[in-house]
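**Student:** this one's structure only:
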């Protein structure tokens with residue numbers, strides 16, 4: 001069975017309904033992971049997704065954070081946060097853990113980090129440390145596992161335009177990359193790089209940079225990381241760049257992986 005799994009930082013789900021309507025009408029994924037929904041649970045637009053035949057599980061807060069997993073089949077299990085005894089409201093609004101049959105899916109909105117040395121950057125590093133601990137505690141590398149989301153780290157220099165000018169950026173700096181690699185060393189591989197090893201493969205184009213999309217001045221900070229058994233079953237990956245070109249887009253676009261499970 002072939003399934004399509006997408007991840008998309010929508011940067012306010014209510015503002016992005018027209019973009020989502022276009023995407024879901026054109027290229028329906030089996031599972032859609034959303035980040036930065038910026039929507040309290042009572043205001044989440046579940047009915048919109050139901051019109052496309054989807055179920056939705058979500059956790060969010062007004063104006064900040066928020067994650068959701070939208071799926072054609074209801075998840076067998078779902079939870080929010082690390083479940084390590086230290087979850088804050090923000091943690092729960094940044095991490096969704098779901099299970100669909102044998103497939104385990106972790107949807108994450110990793111903190112951006114603000115600036116190196118700040119408390120927000122320390123929170124980012126702790127978030128990644130806790131994520132690694134959660135993988136150790138709840139899963140085995142032999143499981144079918146996908147870690148999807150806005151991870152807010154560009155793993156390699158080719159994952160950002162002009163990396164030489166961004167060495168001290170919280171999404172490019174060595175500390176962030178080391179923290180990411182600490183999670184990946186659990187047994188996760190970068191699905192996009194299996195199929196698209198070259199430069200210029202981006203998922204985020206900053207609003208503040210003039211003509212960023214057309215000039216392809218971007219960042220690859222949204223990812224699909226798979227355990228070895230799932231990585232072997234991956235059949236393709238692509239970014240829906242056209243969504244970033246729409247009217248009132250998110251600054252991110254959807255990244256879609258195809259798996260033969």
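**Tutor:** Structure received. These figures come from a predicted structure and were not determined experimentally.
**Student:** For the stretch 151-261 of the chain, just list every one of the strands.
**Tutor:** Secondary structure of the stretch 151-261 of the chain (DSSP state E, counting those that start in this stretch): strands at 188-190, 222-227, 234-239, 255-260.
**Student:** just so I know, which of the ones you listed lies nearest residue 68?
**Tutor:** Of all these, strand 222-227 sits nearest to residue 68, with 15.0 Å by Cβ to Cβ. Heads up, the C-betas are built off the backbone N, CA and C, glycines and all.
**Student:** Could you tell me the angle between the closest one and strand 234-239?
**Tutor:** If you take axes from the mean of the first three to the mean of the last three Cα atoms, to 10 degrees, strand 222-227 sits at 170 degrees to strand 234-239.
**Student:** Can you tell me which helices and strands strand 222-227 packs against?
**Tutor:** Applying 3 or more Cβ pairs under 8 Å, 6 or more residues apart in numbering; DSSP states H and E, we find strand 222-227 packed against strand 2-9, strand 144-150, strand 188-190, helix 191-195, strand 255-260.
**Student:** Include mean neighbour count and distance to residue 103 when you put those into JSON lines, please.
**Tutor:** Compiled in JSON lines, the helices and strands packed on strand 222-227 are given as follows (neighbours: other Cβ atoms under 10 Å; distance: least, Cβ to Cβ, whole Å):
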{"stretch": "strand 2-9", "mean neighbour count": "23", "distance to residue 103": "8"}
{"stretch": "strand 144-150", "mean neighbour count": "26", "distance to residue 103": "5"}
{"stretch": "strand 188-190", "mean neighbour count": "20", "distance to residue 103": "14"}
{"stretch": "helix 191-195", "mean neighbour count": "19", "distance to residue 103": "14"}
{"stretch": "strand 255-260", "mean neighbour count": "21", "distance to residue 103": "8"}
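**Student:** Dump those to TSV, plus mean pLDDT.
**Tutor:** Shown next, in TSV, are those (pLDDT from 0 to 100):
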stretch	mean pLDDT
strand 2-9	98
strand 144-150	99
strand 188-190	98
helix 191-195	98
strand 255-260	98
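**Student:** As TSV, the ones you listed with distance to residue 104 would be great.
**Tutor:** Rendered in TSV, the data for those read as follows (distance: least, Cβ to Cβ, whole Å):
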stretch	distance to residue 104
strand 2-9	12
strand 144-150	5
strand 188-190	12
helix 191-195	15
strand 255-260	13
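**Student:** Ok, which of those comes nearest residue 175?
**Tutor:** Closest approach to residue 175 among those is made by strand 144-150 (18.3 Å; Cβ to Cβ).
**Student:** List the contacts of the closest one.
**Tutor:** Applying Cβ atoms under 8 Å, 6 or more residues apart in numbering, the contact partners of strand 144-150 are 5, 7, 9, 33, 35-36, 67, 102-110, 131, 135, 139, 183, 188, 221-227, 229-230, 233, 252, 257, 261.
**Student:** Buried only: go through these for me.
**Tutor:** Buried members of the contacts of strand 144-150, scored by 16 or more other Cβ atoms under 10 Å, are 5, 7, 9, 33, 35-36, 67, 103-110, 131, 135, 139, 183, 188, 221-227, 230, 233, 252, 257, 261.
**Student:** List the beta-bridge partners for the residue nearest the centre of the chain.
**Tutor:** Nearest residue to the geometric centre of the chain (Cα atoms, centre = their mean): residue 149, 0.9 Å. Per DSSP bridges, the residues bridged to residue 149 are residue 108, residue 223.
**Student:** what separates it from residue 6, distance-wise?
**Tutor:** From residue 149 over to residue 6 the distance is 11 Å, taken as Cβ to Cβ, to the nearest Å.
**Student:** for residue 131, same thing?
**Tutor:** Applying Cβ to Cβ to residue 131 and residue 6 gives a distance of 20 Å.
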